[in-house]
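Asker: Quick one: sequence plus predicted model below, questions after.
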Amino acid sequence: MPDDLPNVAADCLDVPTIDRLHATPSMHPPRILLLYGSLRERSYSRFLTLEAERLLKHFGAETRIFDPHGLPLPDGAEIDHPKVRELRDLSAWSEGQVWTSPERHGAMSGVIKAQIDWIPLSVGAIRPTQGRTLAVMQVSGGSQSFNAVNQLRVLGRWMRMVTIPNQSSVAKAYEEFDEAGRMKPSSYYDRVVDVMEELVKFTLLTRDLSPYLTDRYSERKEAAEKLATA
């Protein structure tokens, strides 16, 4: 045991090296799941999600959008409910995700929160979202705000995801989309392009290194202690 680290279990301590940050790159397109937070027919969070999907496809990603219609409230159904199973399967399939919420009463919507709540933090020894990349966006009916994206970032950290630095917040969303639901040219649109480009880059950078990047001393120590007492 190192003399200057008396509280460390030396057998479980790992020294990061640059050599271990190299991996044979996967050649398949990045797999991105997109969630949106409104059930309205004219849903600006859905419109923004569709714009994001178009950009992601242009950047070479494979995408899936989850439709939250019919998803029960958390704890309001069993985990084998078809919509719950669909959402969990898509989360497990993904290598990165996009969460887009309207801001309601200064917070994210219940629709987006319910989707995130149904995605488990752990399933046995598997953590379904750990190491996946995440981009967060929001739409607002009034002036620009960052309440929803800030809350989504907290959830992303709690789900052990790699939330990218950039984000998008679209103010007065009713002015930013045409009658067909397409986003108009603006600095807001340019930011969405930035965010999706960055998400694809971070996903390509981290997806093959995720097991190493998320390997933790505390968990190695816990596993060793359980093995010793088994």
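Answerer: Sure, I can see it.
Asker: Would you map the strands across this protein?
Answerer: 31-36, 62-65, 96-102, 133-139, 162-163, 168-170 (DSSP state E).
Asker: Between these, which one is closest to N7.
Answerer: With C-beta to C-beta as the measure, strand 162-163 is the member of the strands of the chain nearest N7 (28.4 Å). Any C-beta I mention is one placed from the backbone N, CA and C, and that applies to glycine too.
Asker: Which neighbouring elements make contact with that closest one?
Answerer: strand 133-139, helix 147-158 (3 or more C-beta pairs under 8 Å, 6 or more residues apart in numbering; DSSP states H and E).
Asker: tell me the most buried of these?
Answerer: Neighbour counts (mean count of other C-beta atoms under 10 Å) averaged over each of the helices and strands packed on strand 162-163 peak at strand 133-139, with a mean of 28.
Asker: Output that strand as CSV - backbone C-alpha positions only.
Answerer: Listed next in CSV are the C-alpha coordinates belonging to strand 133-139 (Å, rounded to 0.1, in the frame of the first residue of the first chain):
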residue,chain,number,x,y,z
THR,A,133,-23.4,10.8,-24.4
LEU,A,134,-26.3,13.3,-23.9
ALA,A,135,-27.4,16.6,-25.5
VAL,A,136,-30.0,18.7,-23.8
MET,A,137,-32.4,21.3,-25.4
GLN,A,138,-35.5,23.2,-24.4
VAL,A,139,-38.1,25.5,-25.9
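Asker: what about that strand, distance to the chain center?
Answerer: 8 Å (C-alpha atoms, centre = their mean, to the nearest Å).
Asker: list the contacts for the residue most central in space within the chain?
Answerer: Nearest to the geometric centre of the chain sits L134, at 3.3 Å (C-alpha atoms, centre = their mean). Contacts of L134 were listed using C-beta atoms under 8 Å, 6 or more residues apart in numbering, and they are G96, Q97, V98, W99, G156, M159, M161, V162, T163, I164.
Asker: Present the helices and strands packed on strand 162-163 as TSV; the columns should include mean pLDDT and distance to K221.
Answerer: As requested, these are exported to TSV (pLDDT from 0 to 100; distance: least, C-beta to C-beta, whole Å):
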stretch	mean pLDDT	distance to K221
strand 133-139	98	27
helix 147-158	96	22
